[in-house]
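> here are the coordinates; sequence isn't available:
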């Protein structure tokens, strides 16, 4: 009974996300990940639903700070204006540099940002998952490109990789990148 009550309380918090019963899957990440090569601008091509991403022209820009952390600048065009969120990414375990943690507030813990695959110049496939008491999990997945548009074969490759790693992409949608202005 207490579990059902807890789920009813938490459900509104995750309604704009993708959630599933059971714990998070544990996909393989990019071997020999090179953070320096990953830095720079990435455009969102497709994603699982995320309440914090409702606009169009969504992109992320990663830059190294002097303290060794990564500045994350996410931007989107929403309700007739550009909205920017600044966060911090850190490599949480040097033995697994493709498993970063990202936070957009000093008051929130780092959320997983796992680079499953990247060629650094064209495509990146990213996954994030949070267990809720191992009863269910909330997950996010992004297909990112160095350009606003990727060939269909490249997107299909990324989707196949997510599926192979046990990630449900049924709710994945394309991000509107039409009519966007580059800085």
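Right, received. Where do you want to start? Being a predicted model, the structure only gives us computed values, none of them experimental. Residues are numbered from 1 along each chain as shown.
> and stretch 93-104, what's buried?
For stretch 93-104, a neighbour-count test (16 or more other Cβ atoms under 10 Å) marks 97, 98, 99, 100, 101, 102, 103 as buried. C-beta coordinates here come from the backbone N, C-alpha and C atoms, glycine included.
> and of the residues you listed, the nearest to residue 153?
residue 98 (23.6 Å; Cβ to Cβ).
> need the contact list for that closest one.
Going by Cβ atoms under 8 Å, 6 or more residues apart in numbering, residue 98 touches 29, 30, 31, 33, 114, 115, 116.
> contacting residues for the third one?
Counting by Cβ under 8 Å, 6+ apart, residue 31 touches residue 98.
> report pLDDT for residue 153.
At residue 153 the predicted local confidence, pLDDT, stands at 98.
> SS state for it?
Using DSSP: H, G, I helix; E, B strand; the rest coil, the structure places residue 153 in helix.
> just the ones of the buried residues of stretch 93-104 in strands?
Filtering the buried residues of stretch 93-104 for membership in strands, criterion DSSP state E, returns 99, 100, 101, 102, 103.
> for the chain, which segments count as helices?
2-14, 35-38, 152-164 (DSSP state H).
> lowest average pLDDT across those?
helix 2-14 (a mean of 43).
> wait, what's in contact with residue 127?
27, 112, 114, 116, 139, 140, 141, 142, 162, 165, 167.
> now it, which residues is it bridged with?
residue 114, residue 141 (DSSP bridges).
> check residue 41 too.
residue 61.
> you'd agree it is up against residue 58?
No: the criterion here is Cβ atoms under 8 Å, and residue 41 misses it with residue 58 at 11.6 Å.
> quick one: least confident helix or strand in this protein?
helix 2-14 (a mean of 43; mean pLDDT, DSSP states H and E).
> just the pLDDT at the nearest residue to residue 47 once chain neighbours are set aside, thanks.
Leaving aside its sequence neighbours, residue 47 sits nearest to residue 142 (Cβ to Cβ, 6 or more residues apart in numbering; 4.9 Å). On pLDDT, residue 142 comes in at 97.
> in this structure, what spans have low per-residue confidence?
1-17, 183 (pLDDT under 70).
> 80 instead?
Applying pLDDT under 80 to the chain flags the ranges 1-19, 51, 182-183.
> need the contact list for residue 140.
Taking Cβ under 8 Å, 6+ apart, one finds 17, 18, 47, 48, 50, 127, 128, 129 in contact with residue 140.
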